[in-house]
Each structure stands twice: as structure tokens, then as C-alpha cells.
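Predicted coordinates and the sequence they were generated for:
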Amino acid sequence: MDKITEAVQLQNDTIKSNELLDISKRIELLLKLKEVICDNEQRIVDALKADLNKPVFESYISEIDFVVHEIDLAISNIRKWAKPQKVGSPLTFFPVKSYIYKEPYGKVLIISPWNYPFQLLLDPLVGAIAAGNTAILKPSEMAPSTAKVITELIESKIDKKYIAVVNGGVEETTALLEQRFDYIFYTGNGHVARIVMAAAAKHLTPVTLELGGKSPCVVLNKDLDLSAKRIVWGKFFNAGQTCVAPDYVLITPEAKDTFVKACEKWISYFYGKDVKSSSDYGRIINERHFDRLNSYIEGSEPLTGGIVDKSEKYISPTLVSADSKSSIMQDEIFGPILPIVEISDLSEAISFIRTNEKPLASYAFLDEASEKDRFISEVSSGGMVINDTIVHLSNPKLPFGGVGESGIGGYHGKYSFDLFSHSKSVMKRSFLFENSLRYPPYQGKLDLIRKIMSIL
Ligand code: NAD
């Protein structure tokens with residue numbers, strides 16, 4: 001029996017056993033997950049370094065600690081989240097009580113990408129387990145060191161009848177998608193998302209699709225220096241390979257030079273004069289992505305940066321001038337190159353953004369309250385930050401997800417629990433009182449019922 005069939009059969013048996021309806025069992029699994037992560041932090045940091053040269057600081061705040069905080073949050077709140085919620089009932093069926101019960105879907109498939117290869121696999125897992133599901137995890141084959149560590153850690157501590165890991169590329173993912181799952185959670189690009197959704201449709205399996213897009217960043221405020229600092233940080237974190245990284249900047253011609261100079265200043269402040277030797281700056285995941293990004297640099301005259309070294313998959317923080325027709329403005333960049341596009345005012349910026357697909361995030365640096373309100377109401381995107389970048393996903397009280405081309409569904413914190421739970425409507429009636437108005441023969445009852453309903 002191959003690994004996929006075995007994991008599927010084992011997990012189907014777990015679901016039949018009702019074991020994970022017991023919240024103590026879910027908490028036990030989450031505690032095991034936390035323990036195995038905390039006991040092996042260094043191995044995880046090393047793997048992320050091997051795959052992406054990820055700085056230690058970034059490995060903790062955006063991968064390890066991120067997941068551990070989600071586990072802690074779930075453990076502290078799971079009983080509250082799982083409690084049936086009492087809602088009102090129509091008097092027509094008095095006496096009656098109505099509730100929403102959260103029930104697990106069953107067996108969940110989680111497919112993740114390579115840029116945050118630890119967090120994007122384990123964070124949804126926390127929600128899936130908290131909600132009482134079993135899970136099969138498919139790490140990205142493009143971050144092989146992290147995939148290996150995750151597999152070893154999970155297999156060493158947790159029975160695959162609850163959580164199983166299947167490694168591989170297209171062939172293995174295709175085989176997984178042929179199985180019947182009760183929920184599929186996919187993070188990655190829109191092309192594969194369509195393959196996942198088509199496979200899910202065969203079994204009417206619900207999906208969450210966490211995708212990307214070109215996240216705009218409008219800069220129309222006065223404090224260009226602070227704006228540049230926050231944009232440089234959000235853009236070059238993980239060497240620009242962040243789904244919510246600012247993809248491009250929209251700014252007026254008058255402010256452009258000052259802004260570019262401020263970016264240069266912050267780049268050398270953050271990473272030193274020799275960025276390549278900085279332990280705080282990452283590398284491009286592989287040669288294919290390096291070549292793709294390098295072709296953008298070759299086709300432009302960088303305003304700053306533009307230094308590359310293929311042997312190290314290094315691309316320096318780079319700013320280029322661009323307009324809507326530039327090749328760099330056609331697809332999500334997903335790397336450390338920031339195009340600067342000129343616009344004359346907020347109206348032009350908003351219409352520029354709206355001619356493109358709805359992005360995963362949008363950012364606007366603005367001073368006036370009326371301009372902020374206008375941006376919030378007229379720009380549709382998965383999430384949004386006014387006067388900063390990427391920080392919204394650190395708040396578990398906000399759902400994280402896309403809209404349109406940038407995805408379907410949102411998670412983090414309680415939203416993850418809700419996402420992986422079916423909300424079952426339950427009415428509990430009693431035998432104390434019987435109102436016979438609803439039963440045939442209906443003759444003469446309709447007017448009376450309609451009168452009662454209008455009063456109620
Ligand atoms: P990737 O290449 O690692 O692919 C993601 C997953 O899809 C992998 O597990 C891979 O094995 C699987 N896969 C690839 N081809 C497949 C196929 N033909 N059939 C079935 N499965 C297949 O990662 P990627 O797609 O390059 O990731 C980058 C994209 O993900 C960017 O667009 C980025 O914005 C987006 N992203 C979104 C989020 C988010 O939370 N919304 C987070 C990170 C990345």
C-alpha cells in the first residue's frame with residue numbers, strides 16, 4: 001500500500017472512531033506539535049537558512065514563533081470556540097431552542113508553497129486540528145530542507161492517523177488530489193489553484209485558496225522618509241518573496257527622487273553597504289526564479305541596486321522606474337525589485353489599481369482622513385494597511401486571505417477554527433406544546449398564519 005492510500009485509510013478510520021470530537025485529544029495533539037517545534041527550533045532555523053538563507057530573526061518572527069503563537073491561542077480558546085452558540089428562534093415553533101454547532105469537516109489536505117515553507121504549512125494545520133479534523137500535509141518540494149525537517153519532526157511525535165506528511169512534486173500532489181478530502185487548503189499561485197479547484201469539484205470538496213497578486217503601495221503623504229523605511233522593510237523581508245510584499249509604488253513625479261533617496265538610505269541602514277554579506281538579507285529560492293527576476297533587471301536601468309550573483313542566487317534590493325506597460329508590471333514580482341510608477345494624485349492611483357486584478361494586499365501612505373476613507377472604500381483587496389506594510393497579517397483578530405484572483409477564504413486565530421469547521425444549524429424542540437396550524441388540511445389556516453407572522 002503506498003503512503004497516500006495508507007494515510008487516507010488510517011485517517012478515515014480516525015474520523016469513524018470520533019476520537020477527535022473530544023477536545024482534550026485535539027489539545028493533546030496541539031501540545032505535541034508545540035513541543036516538537038520548540039525542541040527543534042535550531043533544526044528549523046538551519047533548514048530555512050539552507051532553503052532561503054532566511055535570517056534567524058525572520059525565521060523566528062515569521063515562521064516558528066508565528067506558528068507557536070497560533071498554537072497557544074488555539075489551546076487557550078478552543079473550548080470557547082467549539083461551544084455551541086445559542087441563537088434566537090421564531091415564536092411560531094415555541095417551545096424551541098436554536099444553536100450553531102461547530103463540527104469538523106473530516107479529513108483535510110493542506111498544500112503549501114516554498115516562501116514561508118514552515119509557517120504556511122503548519123499555521124493552517126493548527127486550525128484544522130483545533131477544529132477536530134485529521135490532516136495530510138503536502139510541503140513544497142522547492143524548499144526541500146524545510147520539508148525534510150517538518151516530515152521528520154511530525155513523524156517522530158504524531159501518529160499519521162491524525163497528521164500525515166506526503167512529500168513530492170506535481171505527480172504526488174496530483175495523486176493526492178485524486179483522493180476524496182473533506183476540505184482542501186491550498187497556498188500558492190493562481191494557475192495551480194485552478195487545478196486544485198477543478199480536482200476538488202469532482203468530490204464537491206470545499207476549498208480555501210490563498211494566492212498572490214500585485215500588491216500596490218500608494219505614497220502620497222508628507223513624511224517620505226518614514227514611508228520609505230516601512231516600505232523597504234516590507235518589500236525586502238525574505239528578499240521580497242512574501243505574498244503580501246508591496247509589489248510596486250505609485251508616487252508623484254515631484255516626490256519620486258526624495259523617496260528613492262530615502263529608500264537607498266534605509267537599504268544601507270538595514271543591510272549595510274555590502275548587502276550581500278549581510279546576515280539579515282535572504283536569497284532567491286532557486287535558479288529558475290533567479291533568472292525570471294534577473295530578466296526584469298536586465299530590461300531596465302535600476303534607480304538603485306541591480307547587483308546580482310547567480311552562483312549565490314543573490315539579487316540586491318533594487319528600485320526601477322516603470323509604467324503600466326513595463327514587463328515588470330505584468331505579473332507578480334515575488335522578489336527584491338520595486339518598480340516606481342508615477343501618478344499625479346489619489347484618483348489616478350485608485351484607477352490604476354482598479355484596472356488590475358484584486359490584489360492580496362494594498363497599502364496607502366496618506367495624511368488626510370478623507371483620503372484614507374476613500375482608499376479603504378474604493379480599493380478592493382484581500383487586506384489593507386494604511387501607513388505601513390505587511391503588518392496586518394500579524395494580528396490574529398483579522399482574517400487573512402484574498403479576494404478575486406488573490407484567493408478565496410481567510411484564516412488565522414479564530415478564523416482558522418471557523419474555516420475548518422462546518423457550522424451546523426440545530427433546532428431543539430420539545431413535546432410540551434403542539435401548535436397544529438402548520439399541518440394539513442390547510443383550509444382556512446393561511447390567513448391566520450400570515451396575520452400571526454406579520455405580528456411576530
Ligand atoms: P510552489 O511552486 O511551492 O507551489 C505550491 C504548491 O503547489 C506546492 O506544494 C507544489 O507541489 C504544488 N504544485 C505545484 N504544481 C502543481 C500542479 N501542477 N498540480 C498540483 N500541485 C502543484 O509555490 P508557488 O505557487 O510558486 O508560490 C508562490 C505563489 O504563492 C505566489 O503567487 C504568492 O503570492 C503565493 N503565496 C500566497 C500566500 C498567501 O498566503 N496568500 C502565501 C505565500 C505565497
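Here it is on my side, so go on. Computed from a predicted structure; not experimentally measured.

where do the helices sit along the stretch 151-300 of the chain?
Ranges of helices in the stretch 151-300 of the chain, per DSSP state H, counting those that start in this stretch, are 170-178, 190-202, 224-236, 253-271, 287-298.

Among the ones you listed, which comes closest to the ligand?
Closest approach to the ligand among the helices of the stretch 151-300 of the chain (Cβ to the nearest ligand atom): helix 170-178, 3.4 Å. For glycine as for every other residue, the C-beta is placed from the backbone atoms N, C-alpha and C.

okay if I get the helices of the stretch 151-300 of the chain as a markdown table plus mean pLDDT, mean neighbour count and distance to residue 382?
Listed next are the helices of the stretch 151-300 of the chain as a markdown table, based on pLDDT from 0 to 100; neighbours: other Cβ atoms under 10 Å; distance: least, Cβ to Cβ, whole Å:
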| stretch | mean pLDDT | mean neighbour count | distance to residue 382 |
| --- | --- | --- | --- |
| helix 170-178 | 97 | 15 | 24 |
| helix 190-202 | 98 | 15 | 13 |
| helix 224-236 | 98 | 22 | 15 |
| helix 253-271 | 98 | 17 | 25 |
| helix 287-298 | 97 | 16 | 23 |
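
Could you save those helices as TSV and add columns showing distance to residue 377?
Output for the helices of the stretch 151-300 of the chain, formatted as TSV (distance: least, Cβ to Cβ, whole Å):
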stretch	distance to residue 377
helix 170-178	39
helix 190-202	26
helix 224-236	22
helix 253-271	24
helix 287-298	33
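
and of these, who's closest to residue 184?
helix 190-202 (5.1 Å; Cβ to Cβ).

what's next to that closest one, contact-wise?
If you take Cβ atoms under 8 Å, 6 or more residues apart in numbering as the criterion, helix 190-202 is touched by 111, 177-178, 181, 184, 186, 206-207, 209, 211-212, 405, 407.

for the ligand, what are the nearby residues on the stretch 1-150 of the chain?
Listed as neighbours of the ligand in the stretch 1-150 of the chain under the rule Cβ under 6 Å from any ligand atom: 111, 112, 113, 114, 115, 120, 138, 140, 141, 142.

Let me fix that, I meant to ask about the stretch 151-300 of the chain.
169-170, 173-174, 187-189, 192, 195, 210-212, 243.

From the residues of the stretch 1-150 of the chain next to the ligand, which land in strands?
Secondary structure defined by DSSP state E assigns 111, 138 of these to strands.

Would you mind putting the residues of the stretch 1-150 of the chain next to the ligand into CSV with pLDDT and distance to residue 131 alongside?
CSV is the format used below for these (pLDDT from 0 to 100; distance: Cβ to Cβ, whole Å):
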residue, pLDDT, distance to residue 131
111, 98, 18
112, 98, 18
113, 98, 23
114, 98, 26
115, 98, 25
120, 98, 18
138, 98, 19
140, 98, 24
141, 97, 27
142, 97, 28
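
Just the buried ones among the residues of the stretch 1-150 of the chain next to the ligand, please.
For those, a burial check counting by 16 or more other Cβ atoms under 10 Å picks out 111, 112, 113, 114, 115, 120, 138, 140, 142.

burial count for whichever residue of the stretch 151-300 of the chain sits closest to the ligand?
Closest contact between the stretch 151-300 of the chain and the ligand, by Cβ to the nearest ligand atom, is at residue 212 (2.0 Å). Residue 212: 29 surrounding residues under other Cβ atoms under 10 Å.

Hmm, residue 189 and it touching each other?
Yes - Residue 212 is within contact range of residue 189, at 6.6 Å (criterion: Cβ atoms under 8 Å).

Tell me who's in contact with the residue of the stretch 151-300 of the chain closest to the ligand.
With contact set as Cβ under 8 Å, 6+ apart, residue 212 has these partners: 189, 190, 243, 332, 334, 360, 402, 406.

repeat for residue 4
Applying Cβ under 8 Å, 6+ apart, the residues near residue 4 are 136, 166, 172, 175, 176, 179.

Distance of the fifth one relative to residue 131?
Read that as residue 176. Residue 176 is 20 Å from residue 131, where distance means Cβ to Cβ, to the nearest Å.

Could you do the second one as well?
With distances taken as Cβ to Cβ, residue 166 is found 21 Å from residue 131.

So which of the two has more stuff around it?
Per other Cβ under 10 Å, whichever of residue 166 and residue 131 has more neighbours is residue 131, with 26 against 21.

Wait, that one touches residue 415, no?
No - using Cβ under 8 Å, residue 131 is not in contact with residue 415; the gap is 11.2 Å.

Show me the shaky parts of the chain.
1 (pLDDT under 70).

which among the contacts of residue 4 gets closest to residue 291?
residue 172 (25.5 Å).

residues in contact with residue 36?
153, 154, 156, 157, 158.

Just the buried residues of those.
The buried subset of the contacts of residue 36 - by 16+ other Cβ under 10 Å - is 153, 154, 157, 158.

For residue 40, see how far away the second one is.
Distance from residue 154 to residue 40, counting by Cβ to Cβ: 11 Å.

now the third one
From residue 157 across to residue 40, the span is 10 Å (Cβ to Cβ).

OK, contacts around the nearest residue to residue 167 once chain neighbours are set aside?
Nearest residue to residue 167 in three dimensions, chain neighbours excluded: residue 147, at 5.7 Å (Cβ to Cβ, 6 or more residues apart in numbering). For residue 147, the contact set (Cβ under 8 Å, 6+ apart) comprises 117, 139, 140, 141, 167.

And for residue 246?
Residue 246 is in contact with 215, 216, 217, 231, 234, 235, 338, 363, 389, 390, counting by Cβ under 8 Å, 6+ apart.

If we ignore the residues flanking it in sequence, what's nearest the fifth one?
In space, residue 234 comes closest to residue 389 once its chain neighbours are excluded; the distance is 3.0 Å by Cβ to Cβ, 6+ apart.
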